[in-house]
Structure formats: C-alpha cells, structure tokens
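1. take this sequence and fold it.
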Amino acid sequence: MNVAFMMDAIGYAEHSLSMIKAIKRIGASLSASVTLCIGFGLTFLLFLGTSKLEDNAFDRDFEQRSASQIYILQRGMEEAVQVLTSINRLFLTVEAPTRGQFHTFTTPLLQKFSFVKAFSFQRIISHAERPGYEAMMQKQVPGFQISVLQQGRLMPAAEHARYLVVDYLEPLQGNQPALGLDLSGNSEIMATLARAIELNQPVSSGGVRLAQASANDLGVLVLMPVYRSGMPRDTVAQRRAAVIGDTAEVFHVRTLLERIFSQASVPGAKTDRISVYVGDSAQPEMLAYRSPESVTKSMAGRLAPLYRSPAIFNRTFVIAGQPWHVEISAVRPILSNHSNSLLILIAGSLLTLLATAYLNTLLMRSRRVQRTVDERTAELRLTNALLKADIQARQLAERALQLRQRAIDASVNAIIIMQAKGPDYPIEYVNPAFERITGYAAAEASGQSIRLLESAQRETSSFDDIWRIMDQRTEGNVLLRTQTKNGAPMWNDCFIAPVKDELGETTHFVAVLHDITAMKRYEEELAFQANCDVLTGLVNRNMLRTALNQAMAYAERYQHALWVVFIDLDRFKFVNDTLGHRAGDLLLKAVADRLRHVVRSADTVARQGSDEFVIVMSEYPGADLDTHILHNIQTAVAAPLTVDGHTFFPTCSMGVATYPGDSKDAETLVKYADIAMYRAKLHGRDNFQFYTPAMNEQALERLRIEGDLRRALEREEFMLHYQPKLDLRSGKVVGMEALIRWRHPQMGMVAPARFIGLAEETGLILPIGAWVIRTACAQTKAWHDAGWESLRVAVNLSIRQFLQADLVSSIATALVETGLPPHCLELELTETLVMTDVEQAIGILRQFKELGVHISIDDFGTGYSSLSYLKRFPIDALKIDQSFVRDISVDADDAAITVSIISLAHSLKLQVIAEGVETQEQLSFLRHHGCDEIQGYLFSPPVSAEQFVQLLQETISTPAEGLTISAR
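-> Numbering: from 1, shown residues only. I've put the predicted structure just below:
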C-alpha cells in the first residue's frame, strides 16, 4: 500500500515539474521587460517625490528666512522708537530741562542714529500763558513769537484756547524757522498726539515726504506725550489733564531700514527682494524701501526657462500704532533647487539599464543550471519517498515519549526523580518547575541529595521523615521548610512514592513538591496585621494596650516609674493636602523609623492612628527616665527629610503622662498624654508638656469653645470690624481691612487668637471664611451705594481656604451676588502661605487675577520668599509687617529693612502698605521714603461698620493731623 502511494506521488511530481519548466521558459522572456518598466517607473516616481520635497524645503527655508528678516526689521524699528522714549525719560527725571540740557542729551543721539532728522519738544501753551511765554522766549531768541505757516510764510498765530508750540528743536541749524511754530492747526499731528495720550505710548504718524530727502523718500513722525510730574496718569482723562506737551522724533525711513538690514545677518537673504510700505497694504505711493535687485534675480529675467515663478511672503505689523506692510520675494532656480532629483533621475535610469542587463545574464545561466538540477532531482525523489515511510513510523514512537515528557515538564509542581540508592538517594531528573521554583538548574541538582534544599533554619526532622519513607520503600506526605538557591525561604508540601521495575524492585523514587509559601506568608501577614501597623511596621493600638499593661505590671512589681509619651506630627495635614497621601505615607514611615532607632531597645513604639504615635518608656536599673530622651526624640524627628523632591523639616508636639503619678489605668494614661500633647501645640508646637490636672479643665473648655464655634454661624454671633487704610499722597481713605470678631453670649467678645487656630484645626475656617468674604463684599457694596465708591475691602485667606478646590468660584459667586466690582476686593495672603508650594500658588493667583481681584502679600519680610519667585507672583501690593514698622524710628536695622521693601516693591511696580503705624514719627518716616498706604492705631483701630461710617464722615470735616482725609 505504501509502495503504491509512493509511485503515484512520483508520477504527480514529474507532471508538475514539466509544467513548471514550460512556465519558466515563458516567464524568462518577460522578466527583462518587466524589470526595465518597473525600474523606469520607480525612478520617475522617486524623481517626482524628491522634486516635491526640494520645493517644500525651498518654501520652508524661504518662509523661515523671511520671518527672521521681518523680525529683525520689527525689532530695529522698535529700537528706533525707543530713542524717543529715552528723550521722553529726560522730562520724567528732570522736571524742567533747559535747552542746553536738551541739546546735550540729543546731540549724541543724532550722531549715533543717522536716520533721525530731528528731535523736538512741543509745549502746550494756553492763551493766558502766551504773553508771558513769548516775552520769556524773546530774551533768548530776539523777535520770537508763536507763529503758523501759511502759504509758505511764517505768520503770527491767531488766538486760540491752546497752542502746541515747537519749544525745543535739535538740530537747530537749518530748522530755526520752525522754532515757535504752532502745530495745533495740523489735524494729523493733533490726532496722533491724542492717540498717544489715549494709548499712553509712542504713536507714529503716516508716511510724509521729507524736505531733507529726495522726492521719493518717506519720513515718519513719532510723538510721545510729556506729563506734569506728580499727577496721576492711570486713566485717559487723568493723562489728558496731566499732559504738558510732547517729544517728537522725525526719522528717514529708507536710511533706517538700510541700517537695519546692513546689520542683520540672515543666511541666504542676499538673493531676496524686500519691499516695505507705510500702511497695511502694498500702495505704490507708500513704498518706503526696496532692497537692490540681486545678481541672481537679474539673471532670472535673461534665463527665464531655468527659473520658476518667484516665492512671495507678506506680513503686516504695527510699530508705535502705525501699520507697516512687508513683501519679500525670491526666485526659484530649477537647476540648483532640483539638483538631487535630477541626479536621482539620471542615476536611476542608468541603474535600471544595468539591472536589466544583469538579469538577462542570470536567466541564461539559470537555464543551464536548471537542466542539471532536474536530472539530480529525479534521482533524489525516489530516495525521498522511501525515507518518508520510515520517518513516519519513528515519529509515532517519539510522539508517545514526548507526550509523557511534556506532561511532566508542564506540571506547575516541582517533580524530582531520585535513584533508590542509599544513603544519599542522588537526584537523577528534575522538571522545569523545579528549576523555576528553587532556582537550581537541572545540571546543578543532578547527582545531589534532596537535602540540597534544606533550609538554613536547620529543621532536619522533616528531611529525616523523607529518609524514613524511602528506607521503608513506602509513600507519604511531609511538610518541608526549604530555601531557594539565593537563600529565600520556602514552604513545600512534599509527596514521595517508589517507582518499581517489571520485576517489582524499587529502582527510583518520585517526589512532587507543591509550593505553599504564599499561603504561609498570608498566615504570617494575618498575625502581623492583628498586632502591628501595616504602613509603619510599629505596634498598633491593640498591641499597645497589651504592651502598656505588661509594662505597668513590671513597674508595679519593681516599684519603677513609667512614661506614656503621646506624639503628634505638626502640620502633617498640610503635606497630605499639598503633595498627596503617598507623600504623607512616606513621611510617616520615615518618622516611624526615626522613632524606632532613637528610643531604647526596651521601649515600645506604637502608631496610635494618622500622624499620632505613642511611646511606652519603662524605668530599669541603670536606665532612668530623663527629659533628655524627649529632646533626643525631637532632634531625631526634626532632621531634614526629602519626599518626592521636596525637603521638609518635620517637628512634633509631645505630651507625657506618668505612672503611677497621673493614673494607674492604661486608657487614662493615654488620654492624659493626649491632653498634654494638645497643650504643647497651644504653646507653639515643637515642644513637650507633662500632664497636669489643670490641663484636663482646659481641654474641656476647648471642647466647649469648639462646640459653640460650630453653632456660632447659625446663631449669627460673628461680626466684622474694619480698620481703614490711608493713601499717603492724597490723604484719602482708600479702603479697609475686614477683621472677624466673635460676640459669645456668655463669654462676651472672644479674641480671634482663641478661636482662629481651633477653626483651622477643625476645618470650620472654610464656612467662616466664606461668610467673611460674602459679608465684607456686601458691606463694601452698601458703602459704594452710599457714595464712597473708591473703597476697597481687604480679606485675609488662611492656608486651608487657599487650598480649597472651589475657592475661586466661590469668591466669584460672592462678587456676583453682592454686586461688588472685583477690583474692589483685595485678598491678603501670608508670605509663608504662597511659598509653601510655589507652582501651585502661582496657578491659583493667576486665577484670582483673571477674576479681577486685588492681591497683596501680608506680613512681608517675616517669611522666606525668594526674589526669583516673587517676581513671578501676579500680585499688586506688599504689606510691611508691623514688627518692622514698630521700631523704624529707633532701630536702624528695621528702618533699613523697611526702606529696602519699599524700594523692592516699587521696582516691581507694586504698591506698599505699612501696617501697625502708631506714632507720628513712623508716619513721617514712611511718607518720606515713598510708602503708598498705611493702617494702624495712629489713625484708627478696627471699628464696627457703624463706627466706620461715622469715621468717614468725621475725617471729611476734620482731617487727621498731617493728613488731608477725604473718603469721597
């Protein structure tokens, strides 16, 4: 049957081979043609793709080059305008500069900037001031009079309410007739000046023809207002009232642009054609500059077939309120721009021809080789068919063996086959599971005893049981404690059984090891969790009770003392709120490790819960209890600690209860230590306190205050007092700080120091803070409606409020519901608060600024803010802490710090507010050094809303000494 099958297969193979030969003869003649077509096709496609990439690269390079040139042009023109700004600063720094000073200041600028044709100062003269002004000028310039230009002649100016007179002019030579010229009749100049006042910045006129240049050259006149010193300029109306004239700059556009482009260095820009127009479009009559035609572009006209259409780039920008239009063009040379694609086309064509010739040669050789192969194939085909039958029989036998081997190899349990030769019973075979579980390779285990896995704990009894089973030639189960190759402990359930031959003799033993390490670890973990804290590994609350009772029994038996120390980490909640619970867990683990190492070996350290720890310290012979132990704990906890890139200096508050002096009950000792710990927190944190009976009463009082505080909002027991803020320049009351007061029905007026800290701890500061903001906004809006529209109310934010997720939206809601404009609300944040997490603080402050509220840094100078961060904060004012203001008249250091803060704030364009001003000397010092606002008992303490209204009314009729007070 197999022979018949093989003969049929041979016949079928010979028929198939003849068909393949015929197909190959037909296909050989087509191969060369197909290769030629495919080669030329791919070459052409590659040529097109490369050409497209070259075009795109040229366009992209041209656009980048053009953008760079326009950027250089824009910066150069802005620098030209800045020349006028420097002249304008002369009038800001020198209140009334003389002509000589103007000449001295402008002469170097005219020499340096050749494009500037003239600098001038136009003074606004009222009709009433005209006679005096002309008389004063005639002493310097005989025959001087305010004149106008009519029909090419200078004529005396007609009477007007105001004149815009050319007062200073440089260079004077050649321009002297323009001195005293009245420009108020020039509508374009007046419109330009009005726009400069409105924008409070230099404004340029349109293009004008310069008398000093050729007929086709344009010039530009740039004006910048000059204001009277000391007058406010925040609004357009204020600037119009303060303007006294303007400084002007006339520059030659072509000269300026040639200077800018001659200094610029942009690779490849020499072949570009640049045209600059005055205005927002390419009007021929407004052409201010056109670069010279390059040699490349001139050749493009003569060699038009070798060049493609030019690339054009347009851009419009505004300088000093005047739009400028720039047009840049560049030619597209075909040869230089498509050199790579042409090279690919030529090289591809040559390679295609060579490949076709080479393929044809290979086909001819292949035909000769094929004939030889066919002859040898026929001989081998018969031999191959005979071998197949033998191979199939062998494969069936091998599959049966492999199936049994795979079953052993696939087992998840370790399988060991040992020889039945005592006394070692050497290992003959191990499966892959054994290698995976134990770490020993099969070659390492071969020939070794199973005691290779014996644990370092030296529990030999289990292995003795295995030897007893093998010696008795029986089967059995043994629980083994073993270890892996790398020493890791492991538990196994071992089943061992004998393997007998056909005569019934035991030749081998097979052992199956089931890994139960995970189950054993789970049992140990359950036991650990019952007595230890999972996070820190310390004793938990349940085990603490047992340890404390045992320590008390020992102390009672030997008449020794015992301390229970209750430890609470200071400001731990802040870490959780800012960096997340993962950082808090890392901090707790680090502190627990420090406590474990700082105490004595006989002491018990337990985690009570959250950030609270309890240490049980027993007195032993030669180991007395002393407060230096507590100091050591404080020092260990306070060491610097880095968590997720943030460095902390954790501190702790500790309370100590003693046995048997304070109590003989374990729970009571822990409670008393907890009460003493809270007393340590009230004493400023980072200290320890021993329990006294009076503390219990104080703790009860604290609980009563906390309970009353939770109901104070519902009972409307809170009220706001307001302390006014005075502007030192105008003497006006410009705002007030809202301060909360608690009117308790039994205790009377409760000081904020007694309940603000408690409100922070309990979280009540959030609803109380929201009430303060809403009430302060509503009261300020009521005062606005009564006529005091300029008042701004300041409200302090605590750190818990600042980290509240919906703080910005809640403030926005309060502003909308009360109708108070956002700029009339000022939020005061302490320096320490914003420096805790700078990036998060900057994000929140930017949301405040988007809302429109005013932001100030309170108690400035007492924290640790960095100037590099301070300039990033979007704030409006700095408040000098009263600790510096208090002694500025007698302490040189405080005075120097205060002056430095004022100078720093003004350099950052921030207002400065001094708080705690109580003496006239302090007021005089602050006014002399430029402080903007003050608040303090010198003018008024915090008062109720009714008293504040009365204070406003009184200060209008009776100003404070040294100040002119006007709240309206």
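2. and K725, what pLDDT?
-> For K725, the model assigns a pLDDT of 93.
3. can you list phi and psi of it for me?
-> When quoted as degrees, to the nearest 10, the phi and psi of K725 stand at phi -120, psi 130.
4. quick one: neighbours of it, just the number.
-> Other residues near K725 come to 26 when the count uses other CB atoms under 10 Å. The way it works is simple: take the backbone N, C-alpha and C, and place the C-beta from them, glycine included.
5. against V834, how distant is it?
-> Taking CB to CB, to the nearest Å as the measure, K725 falls 21 Å from V834.
6. and the pLDDT at I70?
-> 86.
7. tell me which element it falls in.
-> In the assignment (DSSP states H and E), I70 maps to helix 2-93.
8. doesn't L223 make contact with Q201?
-> No. In this structure, Q201 is not within contact of L223 by CB atoms under 8 Å, at 10.3 Å.
9. those two: which is more packed in?
-> Comparing Q201 with L223 by other CB under 10 Å, the one with more neighbours is L223, at 29 against 14.
10. quick one: distance of the host helix or strand of I901 to the chain centre.
-> Using DSSP H and E, the element containing I901 is helix 892-907. Helix 892-907 has its C-alpha centroid displaced from the chain centroid by 31 Å (CA atoms, centre = their mean, to the nearest Å).
11. try stretch 462-471
-> Mean-position distance between stretch 462-471 and its chain equals 67 Å (CA atoms, centre = their mean).
12. how about stretch 169-178?
-> With CA atoms, centre = their mean, you get 56 Å for stretch 169-178.
13. pull the CA atoms of it into CSV?
-> Provided in CSV are the C-alpha atoms of stretch 169-178 (Å, rounded to 0.1, in the frame of the first residue of the first chain):
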residue,chain,number,x,y,z
LEU,A,169,14.4,121.7,18.4
GLU,A,170,17.6,119.8,17.5
PRO,A,171,19.4,120.2,15.3
LEU,A,172,18.6,123.9,15.3
GLN,A,173,20.8,124.7,12.3
GLY,A,174,18.6,124.7,9.2
ASN,A,175,15.4,124.2,11.3
GLN,A,176,15.4,127.6,13.3
PRO,A,177,12.3,129.0,11.4
ALA,A,178,10.3,126.1,12.9
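14. contact partners of stretch 670-683?
-> Residues lying outside stretch 670-683 but in contact with it, judged by CB atoms under 8 Å, 6 or more residues apart in numbering, are 548, 564-568, 570, 608, 614, 653-657, 662-663, 687-692, 695-696, 698-699, 702.
15. now the buried members of the residues you listed.
-> By neighbour count, with 16 or more other CB atoms under 10 Å, those hold 548, 564-568, 570, 608, 614, 653-657, 662-663, 688-691, 695, 699, 702 as buried.
16. tell me which of these fall in strands.
-> Here DSSP state E is the test, and the buried ones among the contacts of stretch 670-683 give 564-568, 608, 614, 653-657, 688-690 as lying in strands.
17. farthest-separated two in these?
-> Based on CB to CB, the longest span within these runs between Q608 and F690 and measures 18.6 Å.
18. mean confidence (pLDDT) on stretch 411-430, please.
-> The pLDDT scores in stretch 411-430 average 87.
19. before we move on, what about stretch 395-408?
-> For stretch 395-408, mean pLDDT rounds to 78.
20. just the C-alphas of that stretch, formatted as CSV.
-> Output of stretch 395-408 as CSV, limited to C-alpha atoms (Å, rounded to 0.1, in the frame of the first residue of the first chain):
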residue,chain,number,x,y,z
GLN,A,395,7.6,10.0,14.6
LEU,A,396,4.8,8.0,16.1
ALA,A,397,7.1,6.4,18.7
GLU,A,398,8.7,9.7,19.5
ARG,A,399,5.3,11.5,20.0
ALA,A,400,4.3,9.0,22.6
LEU,A,401,7.5,9.6,24.5
GLN,A,402,7.3,13.4,24.1
LEU,A,403,3.7,13.4,25.3
ARG,A,404,4.7,11.8,28.6
GLN,A,405,7.7,14.1,28.9
ARG,A,406,5.6,17.2,28.2
ALA,A,407,3.1,16.2,30.9
ILE,A,408,5.9,16.1,33.4
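21. contact partners for the closest residue to P97 other than its chain neighbours?
-> Once flanking residues are discounted, P97 sits nearest to L90: 5.5 Å by CB to CB, 6 or more residues apart in numbering. By CB under 8 Å, 6+ apart, the contact list for L90 reads 97, 101-102, 105.
22. and Q634, by the same measure?
-> With CB under 8 Å, 6+ apart, Q634 has these contacts: 651-652, 654, 686-688.
23. and it, helix, strand or coil?
-> With DSSP: H, G, I helix; E, B strand; the rest coil as the basis, Q634 sits in helix.
24. count of neighbours near the closest residue to Q140 other than its chain neighbours?
-> With sequence-adjacent residues excluded and distances taken as CB to CB, 6+ apart, Q140 is closest to R99, at 7.5 Å. By the criterion of other CB under 10 Å, R99 has 15 neighbours.
25. any idea how far R99 is from L169?
-> As for R99, its distance to L169 is 9 Å (criterion: CB to CB).
26. what of H508?
-> From H508 over to L169 the distance is 119 Å, taken as CB to CB.
27. the more surrounded of these two?
-> The residue with more neighbours, out of H508 and L169, is L169; 23 against 17, by other CB under 10 Å.
28. the more buried one falls within a strand, correct?
-> Yes. Under three-state DSSP, L169 falls within a strand.
29. tell me what it is bridged to.
-> Counting by DSSP bridges, L169 is bridged to S120.
30. quick check: which ranges of the stretch 1-150 of the chain have low pLDDT?
-> For the stretch 1-150 of the chain, the stretches with pLDDT under 70 are 1-29, 32.
31. actually the stretch 401-550 of the chain, not the one I wrote
-> Low-confidence segments of the stretch 401-550 of the chain (pLDDT under 70): 456-460.
32. circling back to that earlier point, run through who's touching the helix holding I901.
-> Contacts for helix 892-907 (CB under 8 Å, 6+ apart): 860-861, 867, 877-878, 880, 883-889, 911-912, 914, 925-926, 929-931.
33. quick check: buried residues in it?
-> Within helix 892-907, the residues that count as buried by 16+ other CB under 10 Å are 894-895, 897-899, 901-902, 904-905.
34. could I get these as JSON lines with distance to L287 and pLDDT?
-> Below are these laid out as JSON lines (distance: CB to CB, whole Å; pLDDT from 0 to 100):
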{"residue": "D894", "distance to L287": "65", "pLDDT": "88"}
{"residue": "A895", "distance to L287": "62", "pLDDT": "90"}
{"residue": "I897", "distance to L287": "60", "pLDDT": "90"}
{"residue": "T898", "distance to L287": "59", "pLDDT": "90"}
{"residue": "V899", "distance to L287": "56", "pLDDT": "92"}
{"residue": "I901", "distance to L287": "55", "pLDDT": "90"}
{"residue": "I902", "distance to L287": "53", "pLDDT": "91"}
{"residue": "L904", "distance to L287": "50", "pLDDT": "89"}
{"residue": "A905", "distance to L287": "49", "pLDDT": "89"}
